[in-house]
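A.B. asks: sharing a model that was predicted from the sequence below.
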Amino acid sequence: MIRDYLEIGAIVGTHGIHGELRVNPACDSPEFFAGFDVLYYDARGQRPVRVLSARPHKNVALLRLEGVDSAEAAQALGRRTLFFRRADARLEEGQFFIAELLGCEVFDAADPALRYGAISDVSQTGANDVWHIKTPAGKEILIPVIDDVVKAVDVANGRVEIVMLAGLMEM
């Protein structure tokens with residue numbers, strides 16, 4: 001489901017004495033932060049903050065935000081979650097964010113009336129992602145995100161179509 005604002009990371013501490021923030025990314029990499037001039041303190045986009053600088057540092061991103069110019073000001077933000085406006089992200093055609101997959105209904109590509117369940121989680125294994133699908137009976141099935149399985153993804157309408165490989169699900 002496409003949302004206007006998505007989580008980009010959570011503030012986990014400060015860095016130095018000039019108000020730099022350590023942010024644990026909820027995205028593929030800390031470098032992703034560098035593409036934004038504005039982030040948000042809320043998921044509705046009502047509390048924008050200008051990004052003065054963003055850089056990767058080990059496994060976190062270091063951010064300087066407007067109005068946060070001391071260690072004390074940075075500490076006052078606590079463990080706040082930061083959000084970005086989806087329209088500000090640069091995605092290739094056909095790409096989407098993992099958060100948008102969550103809740104999407106999964107159907108059989110050959111029989112669109114056959115509903116397997118909804119995507120409840122995504123694991124990133126390195127070779128390919130794996131979708132966790134919660135069935136109507138409450139079971140969880142794991143589906144590899146590969147071309148032989150995934151045939152259509154329509155996050156705008158919350159619908160995914162797959163070809164179920166033998167052995168992945170016992171109906």
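C.D. replies: All right, it came through fine. Numbering: from 1, shown residues only.
A.B. asks: which stretches of the chain form helices?
C.D. replies: In the chain, the helices defined using DSSP state H lie at 71-76, 98-101.
A.B. asks: can I get the CA coordinates of the last one in PDB?
C.D. replies: Listed in PDB are the C-alpha atoms of helix 98-101, where the atom choice follows Å, rounded to 0.1, in the frame of the first residue of the first chain:
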ATOM      1  CA  ILE A  98       9.300  -3.000   1.600                       C
ATOM      2  CA  ALA A  99       7.000  -1.100   3.900                       C
ATOM      3  CA  GLU A 100       4.600  -0.700   1.000                       C
ATOM      4  CA  LEU A 101       4.500  -4.500   0.500                       C
END
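A.B. asks: spatially nearest residue to Tyr5 (excluding sequence neighbours)?
C.D. replies: Phe83 (4.5 Å; C-beta to C-beta, 6 or more residues apart in numbering). For the C-beta atoms, the positions are set from N, CA and C on the backbone; glycine is no exception.
A.B. asks: so what secondary structure elements neighbour the least confident helix or strand in the chain by mean pLDDT?
C.D. replies: The least trusted helix or strand in the chain, going by mean pLDDT, DSSP states H and E, turns out to be helix 98-101, with a mean of 89. Applying 3 or more C-beta pairs under 8 Å, 6 or more residues apart in numbering; DSSP states H and E, one finds that helix 98-101 contacts strand 5-15, strand 115-124.
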